[in-house]
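Asks: below: sequence and its predicted model.
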Amino acid sequence: MPSVAAKSGVGLFAGLPELMESGVRGRPLPRRRSIALRLGAVLGFLGVWALISGLVVVLDLFNPIFLPGPWLVLGAVVDLWQKDALWPHVAATLQRVIVGFGTGMALATVAGLAAGQFRVVRNLVEPAVELLRPIPPFAVLPLFIIWVGIGEASKTGFITYATFFPMFLATVHAVRHVDPLLLRAARSLGARPHQLFVRVILPAALPEIFTGLRLGMGLAFFVIVISEFIAAEEGLGFLINDGRNFYLVPQMLGAAVLLGALGYGANALIRLLERRVLRWQAPGER
């Protein structure tokens with residue numbers, strides 16, 4: 001008969017999946033504690049930033065204008081907001097990221113699934129991908145400007161190009177490395193090729209595909225700044241470049257912090273979608 005301690009230990013978990021998850025990764029943190037740790041990390045970063053900026057002023061290490069404190073950066077953001085000059089820039093950046101990333105995600109997912117599933121497609125597509133992938137995205141931005149001009153098409157096309165490769169490679173790798181035991185079991189049960197793909201290969205590949213999406217989203221926010229440096233009149237990248245030209249360092253840092261917050265929020269949305277779609281994979285906190 002199991003002891004009371006053993007019963008209480010097992011009772012900490014809702015079922016076998018949670019118990020297995022705990023054995024691999026440890027017991028999931030309570031939601032409140034997890035949120036508290038994340039908020040503590042942000043507050044700790046702000047505290048270190050404020051301390052360093054204060055030491056610069058007290059010790060006269062260099063001109064304090066080059067490292068304003070977080071309160072000055074927040075003041076610059078609030079000032080832009082009060083002048084109704086902030087949201088047009090945020091909206092312009094988000095629109096470009098959504099269109100560019102969405103196009104890249106669609107192309108990468110379709111091409112990656114086909115290349116991972118069919119060897120003929122993989123042999124046709126992979127050489128071109130491996131030839132273009134090592135070229136830095138910044139090196140092709142002038143080409144996009146020459147081909148489609150300095151309007152929105154060059155900016156969204158640049159984001160599409162930059163984000164395509166990590167999502168494509170993650171999708172191909174995910175499809176090609178599905179557990180062979182799953183495939184054999186499905187075939188032994190009489191699954192047809194299309195059923196095998198929809199019911200087995202695609203669900204098994206989704207976790208790694210979502211990882212590729214998160215990488216692509218982070219890269220989209222990384223390259224949007226460069227595209228908005230060139231011939232843009234709106235966007236957070238424009239605010240950063242404008243602040244650099246006129247030594248408005250609080251504006252520069254404020255736009256950069258907003259860009260990071262938007263990227264963090266976009267990553268959180270993808271993780272939320274991943275948890276909803278992959279409930280079967282990780283019942284605990286991911």
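Replies: Looks like it arrived, so ask away.

Asks: so for the one helix or strand Ser34 maps to, what gets flagged as buried?
Replies: Ser34 belongs to helix 31-59 when elements are defined using DSSP states H and E. Going by neighbour count (16 or more other Cβ atoms under 10 Å), the buried part of helix 31-59 is 49, 53, 56. For the C-beta atoms, the positions are set from N, CA and C on the backbone; glycine is no exception.

Asks: is it true that the first one touches Gly69?
Replies: Meaning Trp49. Yes - using Cβ atoms under 8 Å, Trp49 is in contact with Gly69, at 7.1 Å.

Asks: possible to save the buried residues of helix 31-59 as TSV with pLDDT?
Replies: Output for the buried residues of helix 31-59, formatted as TSV (pLDDT from 0 to 100):
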residue	pLDDT
Trp49	94
Ser53	93
Val56	91
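
Asks: and which of those residues is nearest Ala186?
Replies: Trp49 (53.3 Å; Cβ to Cβ).

Asks: list the contacts for the closest residue to the closest one other than its chain neighbours?
Replies: Nearest residue to Trp49, sequence neighbours excluded (Cβ to Cβ, 6 or more residues apart in numbering): Pro70, at 5.4 Å. By Cβ atoms under 8 Å, 6 or more residues apart in numbering, the contact list for Pro70 reads 46, 49-50, 53.

Asks: one more pass at 6 Å, please.
Replies: 46, 49-50 (Cβ atoms under 6 Å, 6 or more residues apart in numbering).

Asks: need the longest helix for this structure.
Replies: Assignment by DSSP state H gives helix 87-117 as the longest helix of the chain.

Asks: return the list of helices and strands in contact with the following helix or strand past that one.
Replies: As assigned by DSSP H and E, the chain's next helix or strand after helix 87-117 is helix 119-132. In this structure, helix 119-132 makes packing contacts with helix 87-117, judged by 3 or more Cβ pairs under 6 Å, 6 or more residues apart in numbering; DSSP states H and E.

Asks: in terms of secondary structure, what does the helix it packs on contact?
Replies: Contacts defined by 3+ Cβ pairs under 6 Å, 6+ apart place helix 87-117 against helix 119-132, helix 152-176, helix 202-229, helix 236-245.

Asks: swap in 10 Å and give it another go.
Replies: helix 70-82, helix 119-132, helix 152-176, helix 202-229, helix 236-245, helix 249-277 (3 or more Cβ pairs under 10 Å, 6 or more residues apart in numbering; DSSP states H and E).

Asks: for the last one, give the mean pLDDT please.
Replies: Mean pLDDT, helix 249-277: 94.

Asks: return the set of buried residues in that helix.
Replies: Neighbour counts using 16+ other Cβ under 10 Å place 249-256, 258-259, 262-263, 266-267, 270, 274 of helix 249-277 among the buried residues.
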